[in-house]
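Undergrad: Next come a sequence and a model predicted from it.
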Amino acid sequence: MRLLRELAVAVMLLVIVGVLARSGAGRFVLPVVALAVAAALVALLSKRPAYPRTAVGPRTRIIESAAESADVACVECGSPATTRRRYVREWVVLGVPVVLLDDGENPVCDAHRD
């Protein structure tokens, strides 16, 4: 459902750009929009990438941190969890996450950490 919504937004933006290109106002608006898009692209590419700069397509990251509370149980065996493992599946372009596809959290104990 999220993909259909994003596709609809992309089509609407293309229609707006098409209308602007045919009108007299587009002569002023489109260069400003192009500069804003270029500045946003430069800002994104100047940040430290989450993935290698050549990465394109769906990618998964796993982020580990210590479990905050002791009452959280391991998803494998049910014993108290010591580590919180967060996974993030994203669509990536040039190493920059563009769309979040899936995410979640799995608390695990030391025995099931590997």
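TA: Structure received. Quantities reported herein were computed from a predicted structural model and do not represent experimental measurements.
Undergrad: Longest strand in this structure, please.
TA: Determined from DSSP state E, the single longest strand within the chain is strand 96-108.
Undergrad: If you count contacts, what does it end up packed against?
TA: In terms of contacts (3 or more CB pairs under 8 Å, 6 or more residues apart in numbering; DSSP states H and E), strand 96-108 is packed against strand 83-93. Quick note: C-beta positions are derived from backbone N, CA and C, even for glycine.
Undergrad: 10 Å instead?
TA: Counting contacts by 3 or more CB pairs under 10 Å, 6 or more residues apart in numbering; DSSP states H and E, strand 96-108 packs against helix 2-22, helix 26-46, strand 56-66, strand 83-93.
Undergrad: Can you pull out the low-pLDDT segments for this protein?
TA: For the chain, the stretches flagged by pLDDT under 70 are 1-2, 70.
Undergrad: Could you chop it up by domain?
TA: Per the record, the chain has its domains at 1-47, 49-114, by automatic domain parsing.
Undergrad: Quick check: which of those is buried the most?
TA: Sort those by mean neighbour count, taking mean count of other CB atoms under 10 Å, and domain 49-114 sits at the top with a mean of 14.
Undergrad: Distance from that domain to the middle of the chain?
TA: In this view, domain 49-114 has its centroid 14 Å away from the chain centroid, taken as CA atoms, centre = their mean, to the nearest Å.
Undergrad: what about it, start to end distance?
TA: 25 Å (CA to CA, to the nearest Å).
Undergrad: before we move on, which element is the residue of the chain most remote from its centre in?
TA: Note on the chain: the largest C-alpha distance from the chain mean falls to G24, namely 36.3 Å (CA atoms, centre = their mean). For G24, there is no host helix or strand (DSSP states H and E).
Undergrad: circling back: so in that sheet, which strands flank the longest strand of the chain, and in what orientation?
TA: On the basis of DSSP bridges, the sheet neighbours of strand 96-108 come out as strand 83-93 (antiparallel).
Undergrad: returning to that earlier point: how many degrees apart are the longest strand of the chain and strand 56-66 in direction?
TA: Here the directions of strand 96-108 and strand 56-66 differ by 40 degrees (axes from the mean of the first three to the mean of the last three CA atoms, to 10 degrees).
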